[in-house]
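**Student:** Any chance you can model this:
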Amino acid sequence: MSQVGRPKGKFTQHRRLDHLRELMLRHPKGITLYEMAEALGVTVRTMRRYMKEIEREFDLEGAPTRGGGPMLWRIRSSELPRKVELRRTQAYAFLAARRLFEPMAGSSLYDEINMATEKLLALSRRPGRGPNAGRADARLEERFLYLPFAPKNYSERTEELDDLFQAVADLRPLWVKYRSSGKTKEERITIHPYAMVLHRDSIYCVGYHVQRGEIRTFVLDRMRDSEVSVTEHFELPPGFNIDEYFQGELGVFKSDVEHRVVVDFDAPAAEYVKMRRVHQSQKLQPLPGGGVRLTMIVGNLLPVTSWVLEWGGRARVVEPPELVQAVERELTEALAKYRSN
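**Tutor:** Model (predicted):
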């Protein structure tokens, strides 16, 4: 006899709810409460609680069985997902970004994305039609793709990743142990997560820090022992715009203080600078000798320091003075390490 209750291993309530959705979608004619409980390995009492969660998402209906047997529960036909028609070119466009999600492998979120990816792969590999149709074995999905910048491994953060996504999607409070930058100790905090952002292949959360009473940016890498509220919800602030917290290539940061940044690039670097939009406020001005001056207004200078250092001797900070000092300090410390050898 199978044991009911909380299954062993990393099988959270979020994953069980995902399993329940799939189970009900696979049984459009209905399934009993007892069959669902058996499939998920939980008690009937727990199953009733999960049904209430599913009713937040779908309109359920009960159908009596013959002979007075248990009620069959199903998703109302009008609520069942509709098919989405895609052409092969459209499928290739989505497939090109599939590696962006590979660091999430092991999470329920990745499993859902991977299921969609497999369906898109099947569509893209079908033989084409007409005189201009592509070959079925051309494997374009392997030759038209996005390569991650420096992908992280979130295999040890799958629970936190699933909880974060659920909290963002359902507007639910999230409790986590979090270690802030520069600190060695964790603290138990409550977050109202407004948005989940993938930037340079790292996962960030922009949300309201309840204890501190302010909107902050959190890094998934520093989250641990997360838990999503099953009874509470929060309201998304009117006018919330994630772009206000996004500094283009310079990361997900926001500051009440604005800095005017001016950086000069030499001629060899100018071509690459002109090809990229680092920040939405950037302006370019030609310099004698073929160089270019970049001017932009940013909030947090920390990511700007790292960005300037990536250019090595091709870039020189003109202003602000604190950015000049920060770059000089980093270069001096780096040079000292080489001279010490």
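
**Student:** send the alpha carbons of the longest helix seen in the chain over as PDB?
**Tutor:** With secondary structure taken from DSSP state H, the chain has its longest helix at helix 321-339. The C-alpha trace of helix 321-339 is given here as PDB (Å, rounded to 0.1, in the frame of the first residue of the first chain):
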ATOM      1  CA  PRO A 321      35.000  61.800  -9.800                       C
ATOM      2  CA  GLU A 322      33.900  59.000  -7.600                       C
ATOM      3  CA  LEU A 323      33.700  56.600 -10.600                       C
ATOM      4  CA  VAL A 324      37.200  57.800 -11.700                       C
ATOM      5  CA  GLN A 325      38.500  56.900  -8.200                       C
ATOM      6  CA  ALA A 326      36.700  53.600  -8.100                       C
ATOM      7  CA  VAL A 327      38.300  52.500 -11.400                       C
ATOM      8  CA  GLU A 328      41.700  53.800 -10.400                       C
ATOM      9  CA  ARG A 329      41.500  51.900  -7.100                       C
ATOM     10  CA  GLU A 330      40.600  48.600  -8.800                       C
ATOM     11  CA  LEU A 331      43.400  49.000 -11.400                       C
ATOM     12  CA  THR A 332      45.900  49.800  -8.700                       C
ATOM     13  CA  GLU A 333      45.000  46.800  -6.600                       C
ATOM     14  CA  ALA A 334      45.200  44.500  -9.700                       C
ATOM     15  CA  LEU A 335      48.600  45.900 -10.700                       C
ATOM     16  CA  ALA A 336      49.900  45.400  -7.200                       C
ATOM     17  CA  LYS A 337      49.100  41.700  -7.300                       C
ATOM     18  CA  TYR A 338      51.000  41.300 -10.500                       C
ATOM     19  CA  ARG A 339      54.000  43.300  -9.200                       C
END
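
**Student:** Start the count at 31 instead of 1 going forward.
**Tutor:** Let's use 31 as the start, then, which means that last one is helix 351-369.

**Student:** Would you mind checking the average pLDDT for the biggest strand by length in the chain?
**Tutor:** Scanning the chain for the strand with the most residues, using DSSP state E, yields strand 217-229. The predicted model assigns strand 217-229 a mean pLDDT of 93.

**Student:** Please identify the buried residues of that strand?
**Tutor:** Buried residues in strand 217-229, counted by 16 or more other Cβ atoms under 10 Å: 219-227. C-beta coordinates here come from the backbone N, C-alpha and C atoms, glycine included.
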